[in-house]
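> could you look at this predicted model? Sequence included:
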Amino acid sequence: MSRPALARWLSQTNDVTQTFLAAGRIPGLINLAGGLPDPSVWPVDALAGYAQSAVADHPGDSLAYSPIDGLPGLRDVIAARFSRGDLKLGRENVMVTTGGMQALDLVGKVLLDQGDAIAAQSPAYLGALDAWMPRGPAYRPMRLDTNDVDIAGCMAGAKFAYTVPNFSNPSGRLVEADQRQELVAAAHDTGCWLVEDDPYGALYYDGDPLPRLLDLSAKGQGDGPYDGPVIYLGTLSKELAPGMRIGWVIAAPEMIVALTTAKQGSDMFTSGICQRMAQSALEDGLPEQVLPQIIDLYRARRDALCAAMAEHLGDLYDWDVPKGGMFVWAVAKDPRLNTDALMTRGLDHGVCISPSSVFDPEGKDHRATRLNFTLNPPEKLAEGVRRLAEATRAELASL
Ligand SMILES: Cc1ncc(COP(=O)(O)O)c(C=O)c1O
C-alpha cells in the first residue's frame, strides 16, 4: 500500500543546508559555507551560572508552562533596552520567540495567504525563504546594492518587505542611511509592513552603527507605545549562544497579538529555562561584556579571509570587504561559472561553500558564493581560500 504524498512545497526545497551541515562532520574539510559563531566566544561559565539559578531560584518561570508571548520580566528588559528617543516601547510591543528563525516563520503565518507578494531584499536569507515556502509567495526582489531600485513600487501591494539592513546574510552589505529612510517612508506611504531582521546589528567592525529602521519609523510618534509599521526581529544567537534559541519581535501591539496566536499553534511557548537565563544575562549586561572580544576576533578573521582572497582569488572573483557581520559575497568574474557545480567540486578539493542560487527566491543566480569568516582561525581560512581558488580553476577548465 502506498503512503500519502508529502506536501507539494517540499519538492521545491533544496538540500544545500543539509550538505553544509553535514560538511561540518567530514574530516579535513574546511567549511566556509555555514554561518556559525566560533564556540570560543560563548560565555560558558556565566551561562552555566544562569542555568543553575534559573532552575534553583526561579522554578516557577523555568519549569512551569509559560505565557505564550514570553516571561513578562524578559519582555520588559527587552522593551527597556530598545526604547530611546521617540521609540517608546512597553511590554505589549515585545514577544519572545524560539530564535529569530521562529519569528520569520510566525510572520509568514500571520501575514501570508497563498501566493501573496513579499518585497524582499535580494539576495535573501535562505532560512526566511524556507520559512515562507509553504505559502508559495510571489517575490518582488529589491536590489538595495544598486541605486535604481524602486522601493515604493516593490512595496505597494506587498504584504511585507523583508530586509536585513545590517550585514545582510548572504551579501554582508549594509543598507545605507538614505535607503533606510526610503524603506521607512515607503512603509508609511504604502501601508506595507517592514520586517527588519537584525541578527548582526551588534557586529560592526568598522564605523558607527547606522540607525535601525525601527528607530527611524518611530520619529515624531506621540507618547503611546510604538504603533509603527516595522516588525523588528532580534536574537541572542550571535551575541551569546545560538543554542539558547532566544529571539524576540518588537512591533505594534496588534502585530504582537497576531504573532502570539500563531505561536500558540506552533510551540506554545519558548523554553522557560532559556528565557530565564536570557533575562538574567540581559539584566547583567552580559552581551556588552562579551561583545568587545567577539568583535576583535571576528574583525581579525574578516581581515585574514579578505587578505587570502586578495592573494588567491583576485583574478577570479569580485567582492567588497564587509564592515561587519559574518560573510563575504564573492561574485565570479566569468559569468559561465556555476556555483552549484562549484559547491560539489569544492568538496573534492576539501572546501565547502554555499552557492548563490539558494539565496535567490527564483533560484536563478548561479554566479556568486557566500564565504563565512567567523568559524575558522586565520590559517584555516587561508587554506580554505587556496582550495577554493584551485576548485574554481578546475571548474572553469572543465567548461
Ligand atoms: C538573517 C538571519 N535571520 C535569522 C537568523 C536566525 O537566527 P536564530 O534563529 O539563530 O536567531 C539568521 C541565522 O543565521 C540569519 O542570518
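Sure, I can see it.

> which ones are touching residue 377?
residue 301 (Cβ atoms under 8 Å, 6 or more residues apart in numbering). Quick note: C-beta positions are derived from backbone N, CA and C, even for glycine.

> do you know the pLDDT at it?
On the pLDDT scale, residue 377 is placed at 97.

> before we move on, what about residue 2?
The per-residue pLDDT reported for residue 2 equals 87.

> in what helix or strand does it lie?
In this assignment (DSSP states H and E), residue 2 forms part of neither any helix nor any strand.

> against the ligand, how distant is it?
Distance check for residue 2 against the ligand: by Cβ to the nearest ligand atom, to the nearest Å, it reads 36 Å.

> can you give me how far the host helix or strand of residue 329 is from the chain middle?
Per DSSP H and E, residue 329 falls inside strand 327-332. How far strand 327-332 lies from its chain's middle: 17 Å, per Cα atoms, centre = their mean, to the nearest Å.

> which residues does it contact?
Contacts with strand 327-332, where a contact means Cβ under 8 Å, 6+ apart, come from 35, 123, 167, 169-173, 302, 305-306, 309, 313, 316-322, 339, 367-373, 392.

> list the buried residues for the helix or strand just after it?
Scanning forward in sequence from strand 327-332 by DSSP H and E, the next helix or strand is helix 339-348. Neighbour-count burial for helix 339-348, counted by 16 or more other Cβ atoms under 10 Å, picks out 339, 342-343, 345-347.

> show me how far helix 339-348 is from its chain's centre.
Put simply, helix 339-348 sits 24 Å off its chain's centre (Cα atoms, centre = their mean).

> what lines up beside the next helix or strand after it in the sheet?
Next along the chain after helix 339-348, taking DSSP H and E as the criterion, comes strand 351-352. Strand pairing for strand 351-352, using DSSP bridges, gives strand 30-31 (parallel).

> quick one: mean pLDDT for the strand it pairs with?
Mean pLDDT, computed over strand 30-31, is 94.

> and what of stretch 96-107?
For stretch 96-107, mean pLDDT rounds to 98.

> with only the CA atoms kept, save stretch 235-247 in PDB.
Taking Å, rounded to 0.1, in the frame of the first residue of the first chain, the C-alpha atoms of stretch 235-247 are listed here in PDB:
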ATOM      1  CA  THR A 235      18.200  37.300  18.700                       C
ATOM      2  CA  LEU A 236      20.800  36.300  21.200                       C
ATOM      3  CA  SER A 237      22.300  33.800  18.800                       C
ATOM      4  CA  LYS A 238      25.200  35.900  17.600                       C
ATOM      5  CA  GLU A 239      25.900  37.800  20.800                       C
ATOM      6  CA  LEU A 240      25.600  35.000  23.400                       C
ATOM      7  CA  ALA A 241      24.900  31.500  22.000                       C
ATOM      8  CA  PRO A 242      22.500  30.100  19.300                       C
ATOM      9  CA  GLY A 243      21.700  27.000  21.500                       C
ATOM     10  CA  MET A 244      19.700  29.200  23.800                       C
ATOM     11  CA  ARG A 245      17.200  29.700  21.000                       C
ATOM     12  CA  ILE A 246      16.100  33.100  22.300                       C
ATOM     13  CA  GLY A 247      14.800  35.600  19.800                       C
END
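
> hmm, it touching the ligand?
Yes: counting by Cβ under 6 Å from any ligand atom, the ligand is contacted by stretch 235-247 at 235, 237, 242, 247.

> buried ones in stretch 273-288, by neighbour count?
273-282, 286-287.

> list the contacts of that stretch.
With contacts defined as Cβ under 8 Å, 6+ apart, stretch 273-288 is touched by 43, 46-47, 50-51, 53-55, 58, 61-63, 66, 70-71, 73-74, 77-78, 81, 96, 202, 236, 239-240, 244-246.

> so which of the residues you listed belong to helices?
By the criterion of DSSP state H, membership of the contacts of stretch 273-288 in helices covers 46-47, 50-51, 53-55, 61-63, 73-74, 77-78, 81.

> quickly name whichever of these is closest to the ligand.
Distance to the ligand across the ones in helices among the contacts of stretch 273-288 (Cβ to the nearest ligand atom) is lowest for residue 78, with 13.8 Å.

> re earlier: now, among the buried residues of helix 339-348, which is nearest to residue 29?
Distance to residue 29 across these (Cβ to Cβ) is lowest for residue 347, with 7.0 Å.

> which residues touch the closest one?
23, 26, 29.

> pLDDT score for the first one?
You'll see residue 23 listed with a pLDDT of 73.

> care to break the protein down by domain?
What the record gives for the chain is the domain set 8-42+288-397, 46-286, from automatic domain parsing.

> my guess is residue 266 contacts residue 103, does it?
No: using Cβ atoms under 8 Å, residue 266 is not in contact with residue 103; the gap is 10.8 Å.

> and the two? which has more neighbours close in?
Remark: of residue 266 and residue 103, residue 103 carries more neighbours, 28 against 16, as counted by other Cβ atoms under 10 Å.

> measure stretch 117-127 end to end?
Terminal residues of stretch 117-127 lie 18 Å apart, using Cα to Cα, to the nearest Å.

> is that stretch anywhere near the ligand?
Yes: Stretch 117-127 comes into contact with the ligand (Cβ under 6 Å from any ligand atom), by way of 125, 127.

> kindly report the residues of the stretch 51-200 of the chain close to the ligand.
Within the stretch 51-200 of the chain, the positions lying close to the ligand (Cβ under 6 Å from any ligand atom) are 99-101, 125, 127, 164, 169, 197, 199.

> may I ask which two of those residues are separated the most?
So, those by Cβ to Cβ: farthest apart are 99 and 164, at 15.1 Å.

> of those two, which one has the most company?
residue 164 (27 against 23).

> the closest residue to the more buried one other than its chain neighbours and residue 2, how far apart?
Spatially, and ignoring its direct neighbours in sequence, residue 164 is nearest to residue 197 (4.8 Å; Cβ to Cβ, 6 or more residues apart in numbering). Using Cβ to Cβ, to the nearest Å, residue 197 is found at 40 Å from residue 2.

> good, wrapping up.
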